[in-house]
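Trainee: quick one, fold the following:
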Amino acid sequence: LSKGSNPQLILKHLPKCFDNIKTLEFNKDVSGEPTRRAIGMYSGEGEYVMWPDVFLCEGPVEVWLDGLTHHTHLMLQNLLQDSVGAFEEKP
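Mentor: Next up, the predicted model:
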C-alpha cells in the first residue's frame with residue numbers, strides 16, 4: 001500500500017482485494033504511458049468490461065480502492081440495466 005500513489009504498482013494486488021478483477025485498463029498519455037484514469041476492467045478469465053465513466057485513481061490508495069469498489073458496482077449495475085432493456089426490446 002505504500003506504493004498507492006502509483007496505480008500501476010497496485011494492479012498486481014487487485015485479485016487479492018477484489019473477487020475476479022484481474023487488472024484495470026487505463027487511458028494512455030501522448031507518450032503511450034498509462035495515466036491514472038481507469039477506463040475498464042479485466043476479469044480473471046480475460047473478459048473486458050469497458051466503463052461508460054472514467055475512474056480516477058488518485059489520492060491515498062485505501063480511498064481510491066474504496067472508490068473503485070463503488071465505481072465497479074455502479075458501472076455493472078448500469079450495464080445490467082441496459083442489457084435487460086435491450087433484451088426486453090427483442091422479439
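
Trainee: from the chain's centroid, how far away is the helix or strand where residue 84 lies?
Mentor: Assigned by DSSP states H and E, residue 84 belongs to helix 61-89. Centroid separation between helix 61-89 and its chain, computed with C-alpha atoms, centre = their mean, to the nearest Å, is 10 Å.

Trainee: any buried residues in that helix, and which?
Mentor: The neighbour-count check on helix 61-89 (16 or more other C-beta atoms under 10 Å) flags 61, 64-65, 68, 71-72, 75 as buried. Heads up, the C-betas are built off the backbone N, CA and C, glycines and all.

Trainee: helices and strands around it, which ones?
Mentor: The contact analysis (3 or more C-beta pairs under 8 Å, 6 or more residues apart in numbering; DSSP states H and E) places helix 61-89 against helix 7-10, strand 48-56.

Trainee: return the most buried member of those.
Mentor: helix 7-10 (a mean of 17; mean count of other C-beta atoms under 10 Å).

Trainee: what mean pLDDT does it get?
Mentor: Across helix 7-10, pLDDT averages out at 90.

Trainee: which SSE is immediately downstream of that helix?
Mentor: That would be, after helix 7-10 and using DSSP H and E, helix 14-17.
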